[in-house]
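Student: Structure of the sequence below:
(4 chains)
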Protein chains: 2
Amino acid sequence: MGFVYNIKSVAKMLDMPAVTIRAWERRYSVVLPTRSESGHRLYTEQDIEDLRWLKVQTEEKGVNISQAVKMLEKLREQRQVVPKPAADRSELRAGESFESIRERLHDAMISFDAERANQLLALAFSLFHFEDVFHEVLAPLLHRIGDEWEQGTVSVAQEHFASSMVTQKFYQFFNVFGVNRALPKVLAFCPEGEQHQIGLLLFTLFLRRHGVDVICLGTNTPADGLETLIEQHRVEWVSLSMTDEGLLPDVEALVRRLQAKFPTLQFVLGGQGFRDVSEDLRSFLLGGSLEEWNRWFAALQKRNEIG
Amino acid sequence: MGFVYNIKSVAKMLDMPAVTIRAWERRYSVVLPTRSESGHRLYTEQDIEDLRWLKVQTEEKGVNISQAVKMLEKLREQRQVVPKPAADRSELRAGESFESIRERLHDAMISFDAERANQLLALAFSLFHFEDVFHEVLAPLLHRIGDEWEQGTVSVAQEHFASSMVTQKFYQFFNVFGVNRALPKVLAFCPEGEQHQIGLLLFTLFLRRHGVDVICLGTNTPADGLETLIEQHRVEWVSLSMTDEGLLPDVEALVRRLQAKFPTLQFVLGGQGFRDVSEDLRSFLLGGSLEEWNRWFAALQKRNEIG
DNA sequence: GTATGATTGTACAATCATTTTACAACCACG
DNA sequence: CGTGGTTGTAAAATGATTGTACAATCATAC
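Tutor: Residues are numbered from 1 along each chain as shown, chains lettered A, B, ... in the order given. As a prediction, the model looks like this:
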């Protein structure tokens, strides 16, 4: 279902006063939510992301609001020109679901139809919360395409194409969020031989959304140079994602090597490739749901307060 | 990108007091930001870069500020002034050189400093024509990092990080341009085993800028499924980029296989990996300069008119 | 009917920014 | 070491911008 939000819920999401949101609208006309029949503001997910971006600019980067507004307007001009939901109302029907968007995205990506895929992505991000899009649409979509590749009904080229489009979206969101340097720094990568990075990207985006500074290295990362990187950048956490169980022995050895060199280094291991991880490393496992991640992060913050 | 910033945000970026920035302006007239209608200072990315340079000289290298100012003024006189398109010439202030931007980008990327790298990319794109940035800054930068990897002074992680940032920028521009369906459709990829895609991306961006619809598959693309793709999407041209000469025999075989199946299919072969290509395929070679690409494209259009 | 949420217009306090003036700290030189 | 110059920083007065509050009124849910 495509959601819209009233101003109170938006103010809560963004942790900023509703009067400020209204003042920005009145003074700068930059985020103009639709209205209910009685005139109440109804914000889309895109509206909320725009407001979030403005808040980051003004509060964290010291940009004054009128400059930030001009910057956002320029960014909008540069964004992919796809029909906005309102202009494309024939697509926006009651009952729009994760499944139906996913189906159409699958067809567009398998057909290398970047334009169509981008339209559907824009639609999805305007209807649903961005994390839901990644978790309920894009991750299942890439898993399915991965399965189809294994079955031989989808080529590597098709899989690469789909993965590349999702990676682009990941970085678009990743770059919006600021960094809270009070939080520990994280190095995130897939080990050498592992090509599936959607799980890594999702967790990285989750961390970044919460202000964690993440150095994300992506797929197929050899061990070479990691120790220097961890040392020089004072990395405190290492996040590893793996679906290929065959890589487990080498990856366990890597983790142990890093533990020996950096006794205080912490790890997060995710993905089905870690299902049979050794007993001594099981405490590092983290499941794949937002719920588990939120609990994990709350514990991390608590540890930070104590430290 | 072309943003301007108020003094508070500049002070935050540079981690220096606003009163010092104003004092330098008043005393030395070296960084003179534009003003808003109400007289507020508005700093360009170039202004910020100059201030950053002055700060490095005074705080890290112990140069006193008046000497640093004189040095900067001399640097400005010496810098290579590369004009933007004629329409922008009047706006061009004494600028950076490709080399100096490249140096700083190198340092930022090797240090996994995405924020700094993005600032420098924004500066580069604000000063120079985007194709010049790709050709004169980013491509040489990635080649250099590739060489450093071969020499062992740069890790795969560092190379991946740099490549990923450039790829993000590529897609930002790629997605801006529309498609002219009167032009032939192009499939672009690096063959299996080839990891360096900057040449492919540049040529793909060139084509897209001219309205060509390009399916870009990126690195390490197996032959699997290509025939179906070419058939279903009525691909008329195939663009291949390769730096690894060791892949040449397999790639020549692939090209011949595709030629046999699709007699009208045309090819563009680029990169030093094709230096010793067989005589019968030499007519497909295309050099790496914009000049050669413009000639090639003019010929393509001429052929299109006749067809 | 009551409590809560929401609207707009207006106003005020807080913050940001300006210039000018001044002073302390630092540095170079004799 | 004393002196003069340079430089970073602060304060005052003033103006602009922006965050927030309030009043009057309307909408909604229970």
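Student: which residue ranges form the helices in chain A?
Tutor: A:7-14, A:18-28, A:45-55, A:65-78, A:98-110, A:114-127, A:130-132, A:139-151, A:156-174, A:198-209, A:226-232, A:248-261, A:290-306 (DSSP state H).
Student: angle of the fifth one against helix A:139-151?
Tutor: Relative orientation of helix A:98-110 versus helix A:139-151 (axes from the mean of the first three to the mean of the last three C-alpha atoms, to 10 degrees): 50 degrees.
Student: try the fourth one
Tutor: Between helix A:65-78 and helix A:139-151, the angle comes out at 30 degrees (the same axes, to 10 degrees).
Student: list the buried ones in helix A:65-78?
Tutor: A:65-69, A:71-72 (16 or more other C-beta atoms under 10 Å in any protein chain shown). (C-beta placed from N, C-alpha, C; glycine too.)
Student: now the fifth one
Tutor: By neighbour count on 16+ other C-beta under 10 Å, the buried set for helix A:98-110 is A:98, A:101-102, A:104-106, A:108-110.
Student: JSON lines please, covering the helices of chain A and showing mean pLDDT.
Tutor: As requested, these are arranged in JSON lines below (pLDDT from 0 to 100):
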{"stretch": "helix A:7-14", "mean pLDDT": "88"}
{"stretch": "helix A:18-28", "mean pLDDT": "91"}
{"stretch": "helix A:45-55", "mean pLDDT": "87"}
{"stretch": "helix A:65-78", "mean pLDDT": "84"}
{"stretch": "helix A:98-110", "mean pLDDT": "92"}
{"stretch": "helix A:114-127", "mean pLDDT": "86"}
{"stretch": "helix A:130-132", "mean pLDDT": "86"}
{"stretch": "helix A:139-151", "mean pLDDT": "91"}
{"stretch": "helix A:156-174", "mean pLDDT": "90"}
{"stretch": "helix A:198-209", "mean pLDDT": "93"}
{"stretch": "helix A:226-232", "mean pLDDT": "91"}
{"stretch": "helix A:248-261", "mean pLDDT": "95"}
{"stretch": "helix A:290-306", "mean pLDDT": "83"}
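Student: out of these, deepest packed?
Tutor: helix A:198-209 (a mean of 23; mean count of other C-beta atoms under 10 Å in any protein chain shown).
Student: tell me what that helix is packed against?
Tutor: For helix A:198-209, the packing partners by 3 or more C-beta pairs under 8 Å, 6 or more residues apart in numbering or on different chains; DSSP states H and E come out as helix A:130-132, helix A:139-151, helix A:156-174, strand A:186-189, strand A:214-216, strand A:237-241, strand A:266-270, helix A:290-306.
Student: nearest to B:G218, of these?
Tutor: Among these, helix A:156-174 comes nearest to B:G218, with 5.9 Å by C-beta to C-beta.
Student: packing partners for that closest one?
Tutor: Applying 3+ C-beta pairs under 8 Å, 6+ apart, one finds that helix A:156-174 makes contact with helix A:98-110, helix A:114-127, helix A:139-151, helix A:198-209, helix B:156-174.
Student: Let me know the angle separating the second one from helix B:156-174.
Tutor: Helix A:114-127 and helix B:156-174 are oriented at 90 degrees to each other (the same axes, to 10 degrees).
Student: What of the shortest one?
Tutor: Here helix A:198-209 runs at an angle of 80 degrees relative to helix B:156-174 (the same axes, to 10 degrees).
Student: Centre of the chain to helix A:198-209, how far?
Tutor: 5 Å (C-alpha atoms, centre = their mean, to the nearest Å).
Student: which residues does A:Q172 contact?
Tutor: If you count contacts by C-beta atoms under 8 Å, 6 or more residues apart in numbering or on different chains, A:Q172 has none.
Student: Could you measure from A:S29 over to chain B?
Tutor: Relative to chain B, A:S29 is positioned 18 Å away (criterion: C-beta to the nearest C-beta, to the nearest Å).
Student: for that residue, phi and psi?
Tutor: Dihedral pair for A:S29: phi 50, psi 40, per degrees, to the nearest 10.
Student: What is the burial count for it?
Tutor: 10 (other C-beta atoms under 10 Å in any protein chain shown).
Student: could you dump the buried residues of helix A:65-78 to JSON lines with distance to DNA strand C?
Tutor: Output for the buried residues of helix A:65-78, formatted as JSON lines (distance: C-beta to the nearest atom of the strand, whole Å):
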{"residue": "A:I65", "distance to DNA strand C": "10"}
{"residue": "A:S66", "distance to DNA strand C": "10"}
{"residue": "A:Q67", "distance to DNA strand C": "8"}
{"residue": "A:A68", "distance to DNA strand C": "11"}
{"residue": "A:V69", "distance to DNA strand C": "14"}
{"residue": "A:M71", "distance to DNA strand C": "14"}
{"residue": "A:L72", "distance to DNA strand C": "17"}
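Student: and these near chain B, which?
Tutor: A:67, A:71 (C-beta under 8 Å from any C-beta of the partner chain).
Student: and the buried residues of helix A:65-78 as TSV, adding distance to B:A23?
Tutor: Below are the buried residues of helix A:65-78 laid out as TSV (distance: C-beta to C-beta, whole Å):
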residue	distance to B:A23
A:I65	27
A:S66	26
A:Q67	23
A:A68	26
A:V69	30
A:M71	27
A:L72	32
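Student: Up against DNA strand C, what does the stretch 201-307 of chain A have?
Tutor: Contact residues, the stretch 201-307 of chain A versus DNA strand C (C-beta under 7 Å from any atom of the strand): none.
Student: Near chain B, which residues of the stretch 201-307 of chain A are found?
Tutor: Residues of the stretch 201-307 of chain A lying near chain B (C-beta under 8 Å from any C-beta): A:215, A:217-218, A:221-222, A:224-226, A:228-229, A:232-233.
Student: And for chain A, the residue most distant from the center?
Tutor: Distance from the C-alpha centroid of chain A, by C-alpha atoms, centre = their mean, peaks at A:S38 (35.1 Å).
Student: where does that one land on pLDDT?
Tutor: Note on A:S38: pLDDT of 83.
Student: State the distance from the closest residue to chain B within the stretch 1-150 of chain A to B:G193.
Tutor: Nearest residue of the stretch 1-150 of chain A to chain B (C-beta to the nearest C-beta) works out as A:G62 at 4.0 Å. A:G62 sits 48 Å away from B:G193, going by C-beta to C-beta, to the nearest Å.
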